[in-house]
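# pasting the sequence and the predicted coordinates here, then a few questions.
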Protein chains: 4
Amino acid sequence: MVGGGPGAFIGAVHRKAAALDGEIELVAGAFSSSSEKSKQQGEELKLDASRVYGSYKEMADAERQLPAGERIDFVSIVTPNFTHYDIAKTFIEAGFHVVCDKPMTMTVEEAEDLCRLVEKHNTIFALTHNYTGYPMVKQARELVQGGKLGKVRKIVVEYPQGWLATHLEAEGAKQAVWRTDPKQAGVSSAIGDIGSHAENLARYITGLEIEKICADLTTFVPGRLLEDDANMLLHMEDGVKAVLYCSQISVGEENNLRIRVYGTEASLEWHQEHPNYLYVRYPDGPEKVYKRGNDYLADVAKHNTRLPFGHPEAFIEAFANIYVNAARTIAARLAGEDPGPFDTDFPTVQDGAIGVHFIHTAVKSGKEEGWVDAKYAPPGS
Amino acid sequence: MVGGGPGAFIGAVHRKAAALDGEIELVAGAFSSSSEKSKQQGEELKLDASRVYGSYKEMADAERQLPAGERIDFVSIVTPNFTHYDIAKTFIEAGFHVVCDKPMTMTVEEAEDLCRLVEKHNTIFALTHNYTGYPMVKQARELVQGGKLGKVRKIVVEYPQGWLATHLEAEGAKQAVWRTDPKQAGVSSAIGDIGSHAENLARYITGLEIEKICADLTTFVPGRLLEDDANMLLHMEDGVKAVLYCSQISVGEENNLRIRVYGTEASLEWHQEHPNYLYVRYPDGPEKVYKRGNDYLADVAKHNTRLPFGHPEAFIEAFANIYVNAARTIAARLAGEDPGPFDTDFPTVQDGAIGVHFIHTAVKSGKEEGWVDAKYAPPGS
Amino acid sequence: MVGGGPGAFIGAVHRKAAALDGEIELVAGAFSSSSEKSKQQGEELKLDASRVYGSYKEMADAERQLPAGERIDFVSIVTPNFTHYDIAKTFIEAGFHVVCDKPMTMTVEEAEDLCRLVEKHNTIFALTHNYTGYPMVKQARELVQGGKLGKVRKIVVEYPQGWLATHLEAEGAKQAVWRTDPKQAGVSSAIGDIGSHAENLARYITGLEIEKICADLTTFVPGRLLEDDANMLLHMEDGVKAVLYCSQISVGEENNLRIRVYGTEASLEWHQEHPNYLYVRYPDGPEKVYKRGNDYLADVAKHNTRLPFGHPEAFIEAFANIYVNAARTIAARLAGEDPGPFDTDFPTVQDGAIGVHFIHTAVKSGKEEGWVDAKYAPPGS
Amino acid sequence: MVGGGPGAFIGAVHRKAAALDGEIELVAGAFSSSSEKSKQQGEELKLDASRVYGSYKEMADAERQLPAGERIDFVSIVTPNFTHYDIAKTFIEAGFHVVCDKPMTMTVEEAEDLCRLVEKHNTIFALTHNYTGYPMVKQARELVQGGKLGKVRKIVVEYPQGWLATHLEAEGAKQAVWRTDPKQAGVSSAIGDIGSHAENLARYITGLEIEKICADLTTFVPGRLLEDDANMLLHMEDGVKAVLYCSQISVGEENNLRIRVYGTEASLEWHQEHPNYLYVRYPDGPEKVYKRGNDYLADVAKHNTRLPFGHPEAFIEAFANIYVNAARTIAARLAGEDPGPFDTDFPTVQDGAIGVHFIHTAVKSGKEEGWVDAKYAPPGS
């Protein structure tokens, strides 16, 4: 692991998610840019001190020199956005597989470079768009892509949060500081941090790409340097229209990612805060509520489920699904075998590039106050 | 009553709403442009045959000539959009008060003319934006305008329906035919029929006017002549941003008008399909669920309530609130008295003009594919 | 109408419910035991003063002597429990049809006497167990009795309220005073007022009679004379087991009547506070949510519906369904015709007797602290 | 770990829960009564083969002889009910701390013996009544025991499931077979498996013991040997009345444990299937919805939380809370230190004995068809 030092929220989440199934073992890390803190974190995690490094470069270098069976199988990058590119590049070039937090990079150029590097070095790259790890999101995808909704016409995807409704970064709150700092977060705060999850979720479920964006970006909190609210109209492939919005100032909202997809035959709705349920509605019959853990669900939904119905699963399990799927694909590669049928179901380096392109295009639309072209295909897609 | 002949949905609703409290008596009508059908409806309603008219003109003329205590106190106009203007004008000029369905007129010019006529003839004019009749909408208004949400920042108001997802008008379905016919409905189907309710609801609760609109209009159903889906970004007064959308092709949605208002201190959410509840959320305390019929609610909410808590009220009661408030204001005027403190709480002719202007501006934005200016103040405002 | 004078809650509800469809006209009344108050109420309702009576006896007598087309078609009794018997008896013996509030009488003997009187005088008698007027309750009944749940095994029916959690009757609150006074309410407060609704609802939906009761009655509020909480285990016909409870001290509950019925093939759930929805659950497929106003519902549910889907109906409409069905049955009788297929769907005098027997049996079980036999068939059943 | 061999559901849950926080390492096990299967499971878990045992006796013996720092710190018992006693006794007598699944033993005598053994050997014993591990259950306990509900009057606790609605055990379904077999499950199926969770949850939140029980037990499925449905009336300490029911034949219910507690000042409601929310209701103010992860919650709720608000936690985390609290208490004991302030918050051997006594008393009441005395205090309480 690179990142995830003392006090980091997402690093701990990654570790719990990776640990859940007992298939992934944390053996080495460069947990902080301070080698002191990295060491401290390593001790807390009871790692072998010789594999706790002061920097990611040191780590890539040292691990590469270990014998094949002893070195790390992949690296997990859980640092702030602005460092992803350099770290990922270093490990890919050292021949390591990568699991990386999102957004993938600061610029589209960097993202495309990673696409090319992954292809060149033939490594596996997984991006932790964790919300697509939920079983009922996978069920939604199966319904849509299996034609159960008819032709898709409209998508509404929202991601309101309220935690940045005040100038929290001025109080030094770590999570707020880097996410609102252009140097660390990039050109966007709300879109980069959560809007890109909404975009990825819509694409994952429907398989449709965005073609045009008209965005309205606002920085509501005085003194803030990046937008904390973004409302968008989207044109997607095949004449599909969409509303996408994300917000960090929607007071009282916690982490309310939710999506509705309307087709000619049926529609569906899913809420991240109640992730075990999927609502499917029809013009001529009762609404159906699909519930996680049941036999009547699609195989891929059942495959990504650990507990029986009624024993709720949640965020950690969804996150773990990204990890375990990626890890099994990596393990298969290391063993020279084909991955299992559901193992390659995780976001790729191309998904990462599309996400970065989306962020930049939305920001551009916001600046230009109008519709902008958003068609894009990253290298290797 | 003008309109509301055999088979008309909304006419029957108006009659039930008006009858509910026993304060309004239906005594005369021109129920159909066919005098046969008008007569038939009058008989069914057990009206005095001499006051069932073959046309609204005949009715206005005859009623005007009745002695003061015997003629109608006001007329209720429940015909398709394109006839509202002529009928309203006729009755206003004959000195009658008017209750009129929405949207008020086909054009902004007609709307403004009605504003001037109402002023000139000093009559009372109520528009049946019935959703503002719900007690919990009034509670929401009290919370927002009493500052309980702090400064408003963002509004999300949605009105998805699915009933026009197929080419229903081609099958002759009466409700569908006139709503999708430019000659009868005007420049818009979805925005005119339901989007204007969303606009009115947002304005009613927040007191804020729209300044700019960027709309994306779509006609999804082949062969349809007007848009059946509209997504909009709005700029409102005081830097408030909004998302407003309405849809008639959102399969599986019934009549899902709902609104969220986010302020600096709190936010609120209300759903028309669950109208007895109002959700208020805070950054630093539990969500509060306000429930209709309780003592802790605002006086205006209690005033517009008939049943104790837990005995749900719904659509008819909200509709009846528009009627009874308007009727009491009219009765006070007829008696030469001041109306009661809550009696004037109903949508006015100016609200009607603002609604018509909104419809036209949204359509314009849709055509121009970009932001358009939406500032507007009707005569008499 | 007998009862429903100034300040009476349920009298006003009866009047609004009866007025809703324009099929029932209030023409006469003895609104209070005080002829002063009766007169006052009659004036407020704009009734012909000659038909506002000082007592129900006077009213029955005077109306009987009016010519057939002029006298009342039926009487509506909305007085406290202890007066129902005498009033109903008087009107039945005068040849009038009766709509009566529940519980029907104070004793089983009185109830049985009414059964015999109704038979003898061949009159129509409707009891306002209003909750069975909800369309989705009728849908539930259709599903159960049409075998869609398989064989019923278990019923859970609850009716918690919280409004009597304090000694409200000591403060003179009118609604509380008579309901907790053994002289006016009878042997029971909670069971009589609301438990009997739960019992009627369970019987209506499943068609099953109670055979044994084990009840635990509590008077929580010091100084109160009747029970304010009752929990019961029931054995019903065909080996069905049930839990039934009612409570007036369940703080924070409003009017939360709800029922769950479990069969071998499916189960259903309905909540009075969200009456437009019916939840049906299966062992091997998604939950289905039936929604009022849709074409896919049973004919009887659609017949008892006024508004399209998504336009919520509620308490008043359900109450009105009891009235309008009874009124149509009475009108058919008066016209010498057969009632329509759905018109006789209202609670009868036998339902009333079964309810009164239930109340007494539950109280007996509570006193004896054990299971008691509850099998019962009233005269005429 | 003893038990949790190939195919065991609950063993895998215990392992995931224990692994989640990285504080507990599985190092040894007797996973099956077949040493073949035990070995297979050990390999799958990548354990040191020398510490995978063919029987729990062998394991207790071998581990006891390892040096203090190398042997297991505690044993986790996840076998069917009938084996708990012998295994727990063996390990306690060998000086090991124990985490044991529920119900603790087959008989009250065995349960009391464990109470005495734990006292005698001064070991720590935790029972996995996992539902009390949920943060919002802890919040509920804080509210009740901090007097925020006033004096408790009534409790309603339900645990319906539907998975045993058919004769599943006849098809050889492993989970069904042992739970419905008197030799393996004991005197009860539904009460033992899930009713005891309901009992424990009610006691945990309110701190009140049961004094009298009147139970109605039914075996609905032909051929089944134990009850699959049980409805109970309870008298608890301080005049509190309760309804408790559990069911395995409630078709369509998944794992719907839920509790409502009514006090004089407020009431609360919690649902296991939506565990991140706690509903608190008042007679004179809006309902409050407490949400996991917020600063306004009690310290103990926050202490048992891993993720920020809006990032849902669920079953695994609650289970892990039992484990990690017990483990920290054990670690403190091993280190000769005092446990942290929240570490001892897990069900004890006395809770286990009370649960076993409850099961037997409820069965007795069912057989006797009436109220039975249920007062009980286990050794050491």
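Received, thanks.

# close to chain D: what parts of the stretch 51-200 of chain A are there?
A:Gln161 (Cβ under 8 Å from any Cβ of the partner chain). Bear in mind the C-beta positions are built from the backbone N, C-alpha and C, glycine included.

# can you do 10 Å?
With Cβ under 10 Å from any Cβ of the partner chain as the criterion, the stretch 51-200 of chain A meets chain D at residues A:Asn130, A:Pro160, A:Gln161, A:Gly162, A:Trp163, A:Gln175.

# and the first one, how far from A:Gly11?
Pointing back at A:Asn130 there. As judged by Cβ to Cβ, to the nearest Å, A:Asn130 and A:Gly11 stand 14 Å apart.

# ditto for the fifth one
When Cβ to Cβ is applied, the distance between A:Trp163 and A:Gly11 equals 19 Å.

# over to the second one?
The spacing between A:Pro160 and A:Gly11, counted by Cβ to Cβ, is 25 Å.

# more neighbours: these two, which one.
Between A:Pro160 and A:Gly11, A:Pro160 has the larger neighbour count (other Cβ atoms under 10 Å in any protein chain shown), namely 27 against 23.

# can you give me phi and psi for the more buried one?
Backbone torsions of A:Pro160, given as degrees, to the nearest 10, read phi -90, psi 140.

# residues in contact with it?
A:190, A:194, A:229, A:245-258, B:154, B:156, B:260, B:262, B:267, D:310 (Cβ atoms under 10 Å, 6 or more residues apart in numbering or on different chains).

# likewise A:Leu168?
A:Leu168 makes contact with A:Lys174, A:Gln175, A:Ala176, A:Val177, A:Arg179, A:Thr180, A:Val221, A:Arg224, A:Gln248 under the criterion Cβ under 10 Å, 6+ apart.

# from these, which land in helices?
Among those, DSSP state H puts A:Lys174, A:Gln175, A:Ala176, A:Val177, A:Arg179 in helices.

# what residue, apart from its backbone neighbours, is nearest the fourth one spatially?
Translated: A:Val177. Of all residues not flanking A:Val177 in the chain, A:Glu169 sits nearest, at 4.8 Å (Cβ to Cβ, 6 or more residues apart in numbering or on different chains).

# confirm that neighbour sits in a helix?
Yes. Using DSSP: H, G, I helix; E, B strand; the rest coil, the assignment for A:Glu169 is a helix.

# burial count for it?
22.

# how is A:Phe91 assigned, secondary-structure-wise?
Using three-state DSSP, the secondary structure recorded for A:Phe91 is helix.

# wait, it sits on A:Tyr85?
No. Using Cβ atoms under 10 Å, A:Phe91 is not in contact with A:Tyr85; the gap is 11.3 Å.

# so what sits against both of those two?
A:Ile77, A:Cys100.

# neighbour count winner among the two?
Neighbours per residue (other Cβ under 10 Å) separate A:Phe91 from A:Tyr85, with A:Phe91 holding more: 29 against 21.

# give the contact list for whichever residue of the stretch 51-200 of chain A sits closest to chain D.
Nearest residue of the stretch 51-200 of chain A to chain D, counting by Cβ to the nearest Cβ: A:Gln161, 7.1 Å away. By Cβ under 10 Å, 6+ apart, the contact set of A:Gln161 is A:190, A:193-194, A:228, A:246-257, D:309-310.

# A:Gly380 now?
A:Glu112, A:Leu114, A:Cys115, A:Arg116, A:Val118, A:Glu119, A:Lys120, A:Thr348, A:Val349, A:Gln350, A:Ala353.

# do A:Phe82 as well
Per Cβ under 10 Å, 6+ apart, neighbours of A:Phe82: A:Thr105, A:Met106, A:Glu110, A:Trp178, A:Asp181, A:Pro182, A:Lys183, A:Gln184, A:Ala185, A:Gly186.

# closest to chain B among the ones in helices among the contacts of A:Leu168?
When those are compared for distance to chain B (Cβ to the nearest Cβ), A:Ala176 wins out at 13.5 Å.

# verify the contact between A:Gly355 and A:Asn200 for me.
Yes. If you go by Cβ under 10 Å, A:Gly355 and A:Asn200 touch, sitting 6.0 Å apart.

# can you map out the strands along chain A?
All strands of chain A, identified by DSSP state E, fall at A:74-77, A:97-100, A:125-127, A:152-160, A:210-218, A:229-236, A:241-247, A:258-263, A:267-271, A:277-281, A:287-291, A:371-373.
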